[in-house]
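Asks: predicted model and sequence follow; I will ask about them next.
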Amino acid sequence: MKRLTKTLLAIACIAVSAVSCYKDGPGKGDEPGSICGTWVLDTKTVLIETSFGGNDNQNKTEIDFKGLDCRLSLEYDQLAHAAFGYELEVTTYSYDAESQRLDFSRQLSVSSSGRTMTLVGQYDVTQLTQEKLVLTQKSGVTIGSSSAYEVTTYEFHRKPDDNSDETIKEKQY
């Protein structure tokens, strides 16, 4: 069973590494405004807002992912993969730059070190720069005068390309 698991993991890693953003294609992943590239998760914030019978409550939880190398890669061919620890998930995505919406066709969920990144459905791209990506998803219900909402926000920084000037400087002594 261990051998089968290792073989499947190796095949998945090879498949993911074979897919990359086209450097000579419609734009480079490091161009301003390009969502393509590898993004490293810094923080996940979950805000739960409830209102029942005139009583309003908020509960905010911020989970620190810095230094854990939890990654989301968005490729030009609309393939997305998440990697964290020994876990890897792959799906397709669509991105509408005009409406700033990012949709995942199925759930990407990876966990390690007691932390989980789960991306499913539609997200608002609330910030996209050359260095930073922020995804926000709001879901909830309202029944009469009662409501419950959850707002999940993921903040990422772009992982430098292995051939970028920044990475080359880091490798030099």
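Replies: Perfect, I can see it now. The shown structure was predicted, so the numbers you read here are calculated from the model rather than taken from an experiment.

Asks: next, the buried residues of stretch 58-66.
Replies: residue 65 (16 or more other C-beta atoms under 10 Å). Any C-beta I mention is one placed from the backbone N, CA and C, and that applies to glycine too.

Asks: name the residues linked to residue 119 by a beta bridge.
Replies: Beta bridges link residue 119 to residue 108, judged by DSSP bridges.

Asks: what of residue 89?
Replies: Counting by DSSP bridges, the residues bridging with residue 89 are residue 82.

Asks: how close does it sit to residue 119?
Replies: 9 Å (C-beta to C-beta, to the nearest Å).

Asks: could you pull out the residues contacting both of those two?
Replies: Each of 82, 107, 108, 109 lies in contact with both residue 89 and residue 119 under the rule C-beta atoms under 8 Å, 6 or more residues apart in numbering.

Asks: in the residues you listed, which residue is surrounded by the most others?
Replies: Neighbour counts for the shared contacts of residue 89 and residue 119 peak at residue 82, which has 23 neighbours (criterion: other C-beta atoms under 10 Å).

Asks: so who does it touch?
Replies: Here residue 82 is in contact with 70, 71, 72, 73, 88, 89, 108, 109, 110, 117, 119 (criterion: C-beta under 8 Å, 6+ apart).

Asks: now the strands for the chain?
Replies: Counting by DSSP state E, the chain has strands at residues 37-52, 55-64, 71-74, 79-84, 87-96, 101-112, 115-128, 132-143, 146-158.

Asks: what's the burial count for residue 125?
Replies: 17.
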